[in-house]
Each structure stands twice: as structure tokens, then as C-alpha cells.
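S.K.: Requesting a structural model of the entry that follows:
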Amino acid sequence: MLLPRIKGPRDLDRLSQEELTQLAAEIRSFLVDAVSKTGGHLGPNLGVVELTIALHRVFESPKDKVLFDTGHQAYVHKLLTGRQDFAGLRSKGGLSGYPSRAESEHDVIENSHASTVLGWADGLAKANEVLGREDHHVAAVIGDGALTGGMAWEALNNIAAAKDRPLVIVVNDNERSYGPTIGGLANHLATLRTTDGYERFLARGKELLERTPVVGKPLFETLHGAKKGLKDFIAPQGMFEDLGLKYIGPIDGHDIEALESALTRAKRFSGPVIVHCLTQKGRGYTHAEQDEADRFHGIGPIHPDTGLPVKTAAASWTSVFADEMVKLGHEREDIVAITAAMLHPVGLKKFADTFPDRIYDVGIAEQHAATSAAGLATGGVHPVFAVYATFLNRAFDQVLMDVALHKCGVTFVLDRAGVTGDDGASHNGMWDMSILQVVPGLRLAAPRDAEQLRAQLREAVEVKDAPTVVRYSKGVVGPAVPAVGKAGGMDVLRAPAPEVIRPDVLIVSVGALAPMCLEIAGLLDKQGITSTVVDPRWVKPVDEALAPLAERHRVVVTVEDNGRTGGVGAAVAQALRDAGVDVPLRDFGIPQRFLDHALRKEIMAEIGLTAPDIARQVTGLVAKLDGRYENEPAATVD
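M.R.: Below you'll find the predicted structure:
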């Protein structure tokens with residue numbers, strides 16, 4: 001076995017090409033065995049085994065910076081940099097599913113949001129230039145999918161402007177768009193295009209021809225056009241070279257020797273170079289290769305021999321949304337859907353299959369999706385943009401200035417809201433209700449169960465003059481939580497006995513935390529503390545009935561699966577102040593810090609967002625109020 005002997009990237013230097021091929025096979029076997037137990041991003045990592053080996057053979061990490069866009073394809077990188085204990089992958093105390101600075105000096109970017117790597121690479125290359133670190137290199141790996149993001153092209157525009165600033169961009173193209181160009185001619189042309197001598201020859205030729213009277217300049221332009229046409233015929237690099245970037249490829253992304261040759265030439269060049277690699281997502285694992293949906297992009301625990309899930313999936317929030325969207329599509333011809341390269345994960349595949357002319361996949365371009373949705377709404381249809389809650393952060397300006405300012409009827413459906421857990425800090429959807437509170441006119445719904453998701457989605461798409469948002473959690477949807485009454489537009493989930501004149505606590509329950517809030521009320525009841533539990537349903541704007549209801553209680557408590565700063569608790573407090581209601585309020589939510597990866601229930605326990613923790617604190621608050629009232633002097637009459 002070769003893999004256990006690899007403690008760091010330089011251990012690869014001693015291996016022959018035959019041994020490297022054996023190592024690649026061992027890595028694939030390791031990944032299938034390990035990830036089938038824990039779940040994770042299997043397909044992307046099976047596709048970059050040889051590419052990652054070649055990168056670490058050519059570049060000297062950590063002195064050279066090897067960067068991965070998004071980072072879900074960094075498992076092989078972890079193995080080659082001394083992290084081979086995958087037993088706790090994506091679990092508390094185990095390896096992160098993405099690069100992590102806390103784990104290794106070889107990891108640089110850990111935000112796991114796509115299309116950012118070229119901006120990072122541009123900055124790092126500039127830093128090398130400013131500090132005179134000529135022996136430091138930067139290699140950025142970006143997928144063809146991530147190149148659909150606007151940030152990537154903004155960075156390319158800047159990178160291409162610096163002709164003499166070294167930077168290697170590896171395009172990991174796993175869509176099999178082009179057949180690989182192989183053989184001596186392709187290799188020779190690639191070498192010519194990435195040597196300083198060739199560039200000096202072109203510059204000198206241009207200078208001589210342009211000094212030639214009459215025919216010089218037209219002749220140079222004709223020859224330059226012919227050269228570009230010849231290169232475009234041989235390899236599809238024209239688009240990149242039009243930007244001023246040197247291009248090598250396409251390279252067989254599973255040929256280590258060819259990859260090393262291409263990366264070595266790119267590393268030697270004194271300017272920005274694109275290395276275009278063709279890889280196969282899920283390579284080497286038949287079940288992944290044959291999966292038409294996403295080649296096992298992200299999986300839960302599976303049986304490695306069959307590729308089938310270990311557990312049968314229960315109904316999820318996403319599946320409830322998926323079914324209701326199809327029903328809405330049948331009922332209303334003006335309903336259209338938008339996804340940012342997440343058709344399957346956000347539950348729009350059924351809608352796409354049923355209404356193929358009413359679905360728009362804009363690629364990894366959330367900003368464009370939001371503004372395009374504004375255009376769709378202005379044009380007379382109602383767009384539903386389904387996106388992970390954490391990714392809507394990227395489109396805040398568009399939600400504010402394009403959708404809300406123009407009073408466009410656009411519905412944003414936020415999947416994976418709140419604590420998501422095992423994908424780590426950047427995937428928790430803990431900012432949406434805070435960010436969106438500042439958007440004028442926007443209405444935000446947080447359904448507590450499947451029935452409410454269906455109902456509130458329907459309510460949302462009826463709004464034609466403002467943006468609406470429906471947000472829900474990751475994973476299995478819980479049992480129905482029935483209402484026992486109404487208070488304005490709010491559902492009352494638990495009411496005190498009729499003889500209680502002034503209940504102790506009003507619990508404002510947000511979204512899927514309704515069962516927890518009912519549990520809190522039950523625990524308080526055992527302490528002799530009476531309570532009312534309400535679900536606002538629409539948390540923005542704050543329901544007008546909340547202030548008078550709060551005034552009839554001694555304490556108000558808000559419980560939300562969102563950051564405490566600027567969230568629902570803050571909005572409720574503001575509403576009470578505006579109404580002149582002076583009742584103590586305690587807001588429970590997610591602390592404003594980046595949360596390490598772990599199971600959702602483990603994170604909730606760690607941050608104290610559990611029924612026993614909250615009930616304990618509320619009991620203490622009520623006891624303090626009781627003590628204060630008991631010690632107050634009796635009122636006197638003059």
C-alpha cells in the first residue's frame with residue numbers, strides 16, 4: 001500500500017509514474033469506502049484524483065498556494081497533506097468536508113462559496129509581486145460550473161490585465177465538453193505559447209512589420225488573425241486568449257504525466273496561464289459514473305456495493321416544496337422557477353420535468369438570478385427563485401435595489417435555513433432573517449410544518465407588489481403542529497387556562513422551532529410558570545396583534561433559528577418599543593460567530609438553543625421578576 005506512506009506532498013516526489021497510477025487507484029478505493037460510511041462529496045473527489053496528485057508534484061505547498069474553488073473536491077488534497085483519518089468526516093471533532101485552516105497549513109480558502117477562488121488567487125499573486133517573492137507560485141483550481149459566476153469573470157478581467165504576474169488557473173472541466181487534444185503537435189504548440197522567447201518573437205515581429213510602409217500593419221493583423229484561427233481550430237482556447245490569458249489544453253485530467261507536463265510549463269511562464277483539464281466526475285466508481293442526476297455529487301451514507309442509501313429518506317422540507325411547486329405550476333401559467341445551478345438540491349427537478357419552458361438555470365449567479373427575476377416580474381410573470389439561504393447573502397443588493405425598490409412580485413424560497421450542521425460555517429443559513437429585516441416592503445414567512453409551507457408558499461406567490469421570502473430548514477420535516485387559536489394573523493399554538501388573568505410568558509416561536517417552543521412551555525408549566533406560545537407565520541412585518549398580546553404577559557421570549565443580531569427578536573423588540581409596550585424581552589437564537597461542523601442537534605446543544613436550556617433561563621428570569629415585585633414597597637396614597 002502506497003497511501004499510508006504519504007505523510008505530505010513531498011512524499012509524492014519519490015514515486016514513479018507506475019506507482020502514481022497505483023496510488024490513484026488506492027485513493028479512489030479509500031474514498032468510496034470512507035465516504036460511503038459518513039456521507040459527503042464523493043463524485044467531485046473521484047474526478048480530481050490525478051489532477052490533485054499532479055498539482056502537489058509540481059507545486060510546493062504550503063510555500064506555493066494551491067487553492068480550490070468551493071472546496072468540496074479537496075478530499076484528495078487532504079489525503080496528500082497528511083489527513084487520512086476520515087472516520088469522523090463532517091462530524092464534530094473530525095475532518096471538515098471543506099478545506100480548513102485549523103486543520104492544515106496547506107488549506108487556504110474555507111468559505112466554500114463558489115466562484116471566489118480567482119479573486120483569492122489574484123490577491124495572493126499581487127502580494128507575491130509586492131513582497132518580491134519570485135519563488136512563490138499560486139495555482140487556483142476552478143470548475144467549469146463555477147466559471148458561470150460573475151465573480152470569476154471579474155477576477156479574470158483583472159488577472160488578464162497583468163501580463164507579467166505569474167498565476168496558474170486550472171479549469172477542472174468535468175462536463176466532457178471537448179475531446180482531449182493529445183500528441184506531439186499539441187504539446188509543441190502549448191510549449192511555444194508559454195515561453196518568453198515566443199512572446200519576444202511576436203513583439204519583435206510586430207515592431208518590424210508595423211514600421212514597414214503601407215503593407216506592414218495590415219500584414220501583421222492578417223498573420224495574427226490566421227495564427228489565432230489556427231489555434232482555435234486545434235484547441236478551444238480562443239475565448240481565454242482574447243482576454244490575454246495563455247492557454248494550455250485540453251489536457252486529459254486523468255493522465256498524471258500529461259498533467260505534470262502542462263502544469264510545469266504553466267508554472268515556468270511569467271504571466272497568467274489557463275490549464276484546461278478534462279475530468280470525469282465520479283470516475284472509477286460505476287454507481288457514480290452511471291448516476292445521471294449529479295454523479296454522486298453529495299451523498300449520505302450508502303452501501304458501497306450497490307450505491308443505494310443505507311436509510312430510506314423520510315419526507316424533507318425540500319420535497320414538500322417540490323411537490324407544491326408542481327401543483328402551483330398546473331394552476332397558474334404565470335409561475336416560473338429560477339435556480340442557480342442547484343436544480344436537484346433545491347427541489348426544482350420535478351417542476352423542470354413538468355414545465356421545461358418555465359424553468360431557468362442561470363448557473364452560479366445568484367446576483368443575476370435576483371435581477372433577472374425582477375425583470376420577469378416586471379414582464380408579467382411570477383418568478384420563484386429557490387436557493388440555499390446562505391447563498392442569498394450574495395444577492396442582497398439585487399434583492400434590495402432591483403426587486404424591493406421596484407416593488408416586484410418575486411418569491412425567494414430559502415432552503416437549508418438556520419443551523420445546517422455538517423457542511424460547516426459557511427453553509428449555516430443563519431443570516432437571512434437579519435439581512436432581510438432591513439429591506440423595505442419585503443415579507444418573510446417561516447413555516448413550522450409541511451402544511452404551513454404549502455399554505456405560506458401559496459400566500460407568497462399571491463403578492464404582486466413586493467418581494468416575498470419563504471424559508472425552511474434542512475432535512476426531514478417534522479409532524480404537523482396544529483394551532484389552537486388565532487391572534488391577528490398569528491397562530492396560537494398553546495394557550496394558558498382561561499382563569500389565568502395575566503400569563504407569565506409569551507413565547508414567540510419562529511418556523512421549525514415550534515415543537516421546541518411547545519416543549520419549553522411544558523417545562524415551564526412544571527415550574528408553575530404559565531405561558532402562551534404563538535407562531536407569527538409571517539415574521540416580517542411584525543404582526544400588529546403582537547404588541548397588545550405581549551402587554552398582557554409579564555415576559556416576552558423569542559426563539560429563532562437565526563443570528564440574534566438584527567433577527568426576529570430584534571424586530572419584535574422594536575415593535576414593542578414603538579407601541580409603547582414596556583415588557584421585558586429575551587431573545588434566543590444563534591450567537592454571531594462561525595460555527596464548527598457537527599450534527600445540527602450537537603450545534604444546537606453547544607449554543608444553548610434547546611428546550612431545557614431556554615426553559616432554565618426563562619425560569620430564572622421569571623424568578624427574578626417575582627423577587628423584584630415582592631421587594632417593592634407598597635404603594636401609598638397621599
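S.K.: Can you read off the backbone torsions of the closest residue to Gly488 other than its chain neighbours?
M.R.: The shortest distance from Gly488 to any residue that is not its chain neighbour, by Cβ to Cβ, 6 or more residues apart in numbering, is 2.6 Å, and that residue is Ala545. Where you see a C-beta, it was placed from the backbone N, CA and C, and this is true even at glycine. Torsion angles at Ala545 (phi, psi; degrees, to the nearest 10) stand at phi -80, psi -10.
S.K.: Go ahead and confirm Ala545 touches Asp491.
M.R.: No. The pair formed by Ala545 and Asp491 falls short of the contact definition of Cβ atoms under 8 Å, at 11.3 Å.
S.K.: Compare neighbour counts for the two and give me the winner.
M.R.: The neighbour count for Ala545 versus Asp491, taken as other Cβ atoms under 10 Å, is higher for Asp491 (21 against 15).
S.K.: How much space separates that one from Cys517?
M.R.: Look at Asp491 and Cys517: by Cβ to Cβ, to the nearest Å, they are 12 Å apart.
S.K.: right, and Val168 touches Val275 too?
M.R.: Yes. Here Val168 reaches Val275: they are 6.3 Å apart, a contact under Cβ under 8 Å.
S.K.: any idea which helix or strand of the chain has the worst average confidence?
M.R.: Lowest by mean pLDDT, DSSP states H and E among the helices and strands of the chain is helix 184-193, with a mean of 39.
S.K.: a strand runs through Ile614, doesn't it?
M.R.: No. Remark: Ile614 does not belong to a strand; assigned using DSSP: H, G, I helix; E, B strand; the rest coil, it is helix.
S.K.: got a list of what it touches?
M.R.: Applying Cβ atoms under 8 Å, 6 or more residues apart in numbering, we find Ile614 in contact with 516, 520, 557, 559, 588, 608.
S.K.: let's see it at 10 Å
M.R.: Taking Cβ atoms under 10 Å, 6 or more residues apart in numbering, we find Ile614 in contact with 507, 513, 516-517, 519-520, 523-524, 557, 559, 586, 588, 608.
S.K.: which ones among the residues you listed are found in strands?
M.R.: Secondary structure assignment by DSSP state E places 507, 557, 559, 586, 588 of those in strands.
S.K.: any residues in contact with both of Asp491 and Cys517?
M.R.: Listed contacts common to Asp491 and Cys517 are 448, 481, 509, 533-535; contacts here mean Cβ under 10 Å, 6+ apart.
S.K.: could you flag which of those residues are buried?
M.R.: For the shared contacts of Asp491 and Cys517, a neighbour count by 16 or more other Cβ atoms under 10 Å gives the buried set as 448, 481, 509, 533-535.
S.K.: Just send those back as CSV, with distance to Val461, secondary structure and pLDDT too.
M.R.: Supplementary listing: these in CSV, determined by distance: Cβ to Cβ, whole Å; DSSP: H, G, I helix; E, B strand; the rest coil; pLDDT from 0 to 100:
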residue, distance to Val461, secondary structure, pLDDT
Arg448, 19, coil, 97
Val481, 23, coil, 97
Ser509, 24, strand, 98
Val533, 28, strand, 98
Val534, 25, strand, 98
Asp535, 21, strand, 98
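S.K.: Can you name the two of those that sit furthest apart?
M.R.: The largest separation in those, counting by Cβ to Cβ, is between Val481 and Val534 at 11.9 Å.
S.K.: so what sits against both of these two?
M.R.: Once Cβ under 10 Å, 6+ apart is applied, the residues that Val481 and Val534 both contact turn out to be 491, 493-494, 509, 514, 517.
S.K.: Can you flag which of those belong to helices?
M.R.: Helix and strand membership here follows DSSP state H; of the shared contacts of Val481 and Val534, those in helices are 514, 517.
S.K.: of the shared contacts of Val481 and Val534, closest to Thr21?
M.R.: Taking Cβ to Cβ as the measure, Thr21 lies nearest Ala514 of those, at 55.3 Å.
S.K.: Which pLDDT does the model give the closest one?
M.R.: Looking at Ala514, its pLDDT stands at 97.
S.K.: Tell me who's in contact with it.
M.R.: So, once contact is read as Cβ under 10 Å, 6+ apart, Ala514 ends up touching 446-449, 452, 478, 480-481, 483, 491, 493-494, 507, 533-535, 559.
S.K.: what do you get for Ala121?
M.R.: Ala121 sits next to 65, 67, 69, 108-109, 138-142, 155, 159, 167-169, 272 when contact means Cβ under 10 Å, 6+ apart.
S.K.: change it to 6 Å
M.R.: In this structure, Ala121 makes contact with 67, 138, 140, 167, judged by Cβ atoms under 6 Å, 6 or more residues apart in numbering.
S.K.: before we move on, the earlier item: what separates the residue nearest to Gly488 from Trp538, distance-wise?
M.R.: The span separating Ala545 from Trp538 equals 12 Å under the rule Cβ to Cβ.
S.K.: go on, Gly379?
M.R.: For Gly379, the distance to Trp538 under the criterion Cβ to Cβ works out to 27 Å.
S.K.: buried stuff in stretch 614-629?
M.R.: Within stretch 614-629, the residues that count as buried by 16+ other Cβ under 10 Å are 614-616, 618-619, 621-622.
S.K.: do stretch 571-587 as well
M.R.: Counting neighbours by 16+ other Cβ under 10 Å, stretch 571-587 gives 571-573, 575-576, 581, 585-587 as buried.
S.K.: First-to-last residue distance for it?
M.R.: Across its full length, stretch 571-587 reaches 10 Å between end residues, using Cα to Cα, to the nearest Å.
S.K.: Can you tell me what sits against it?
M.R.: When contacts are defined by Cβ under 6 Å, 6+ apart, stretch 571-587 is touched by residues 437, 542, 547, 550-551, 555-558, 564, 569.
S.K.: go with 7 Å
M.R.: When contacts are taken as Cβ atoms under 7 Å, 6 or more residues apart in numbering, the neighbours of stretch 571-587 outside the stretch itself are 437, 508, 540, 542, 546-547, 550-551, 553, 555-558, 564, 569-570, 618, 621.
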